[in-house]
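Colleague: Please work out how this folds:
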Amino acid sequence: MRLDRYLKVARLIKRRSVAKEVVDDGNVLVNGRTAKPATDIDVGDELEINLGRHHFGAKVVKVMENPGIEEAETMYEITFEEKIEDKRS
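Modeller: Purely as a prediction, here's the structure:
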């Protein structure tokens, strides 16, 4: 499954167009490498996502085409989460 579609169906990012934009901007790594929206995602892949001040990692557990809300939550496992604080004072 394409990375941008996976981010959307797993509900890590709300819209596919936003997912594509985030990936195009270089804010998503797959297995430590900068990814493109069409990068194939498989079970076991490690994602690192930077969304503004929210930086987190996720491990792909399942790949499903049309999961429900409960099923979408089982598609990944959060490996780390950090909030980046604004250094302006």
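
Colleague: Tyr6 is in contact with Ile41, correct?
Modeller: Yes - Ile41 sits in contact with Tyr6 when judged by CB atoms under 8 Å, with a separation of 4.5 Å. C-beta coordinates here come from the backbone N, C-alpha and C atoms, glycine included.

Colleague: which neighbours do the two share?
Modeller: Common contacts of Ile41 and Tyr6, defined by CB atoms under 8 Å, 6 or more residues apart in numbering, comprise Val60, Val63.

Colleague: of these two, who's got more company?
Modeller: The residue with more neighbours, out of Ile41 and Tyr6 and counting by other CB atoms under 10 Å, is Tyr6; that gives 26 against 20.

Colleague: contacting residues around the helix or strand harbouring that one?
Modeller: Secondary structure from DSSP states H and E places Tyr6 in helix 3-9. Residues outside helix 3-9 that contact it (CB under 8 Å, 6+ apart): 1, 12-16, 19-20, 22-23, 28, 30, 35-41, 49, 60, 63-67, 72, 75.

Colleague: can you rerun that using 10 Å?
Modeller: Among residues not part of helix 3-9, those counted as contacts by CB atoms under 10 Å, 6 or more residues apart in numbering are 1-2, 12-24, 28, 30, 35-42, 45, 47, 49, 58, 60, 63-67, 71-72, 75-76.

Colleague: In PyMOL, select just the buried ones from those residues.
Modeller: Only the buried members of the contacts of helix 3-9 end up in this PyMOL selection, burial being decided by 16 or more other CB atoms under 10 Å:
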select buried, resi 1+2+12+13+16+19+20+22+23+28+30+35+37+39+41+45+47+49+58+60+63+67+72+75+76
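
Colleague: Out of the contacts of helix 3-9, list just those in strands.
Modeller: Judged by DSSP state E, the contacts of helix 3-9 include Val28, Val30, Leu47, Ile49, Ala58, Val60, Tyr76 as members of strands.

Colleague: mind giving me TSV with the residues you listed and columns for pLDDT and distance to Glu82?
Modeller: Formatted as TSV, the ones in strands among the contacts of helix 3-9 follow (pLDDT from 0 to 100; distance: CB to CB, whole Å):
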residue	pLDDT	distance to Glu82
Val28	97	16
Val30	98	19
Leu47	98	15
Ile49	97	11
Ala58	97	13
Val60	98	20
Tyr76	97	17
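
Colleague: Thanks a lot, see you next time.
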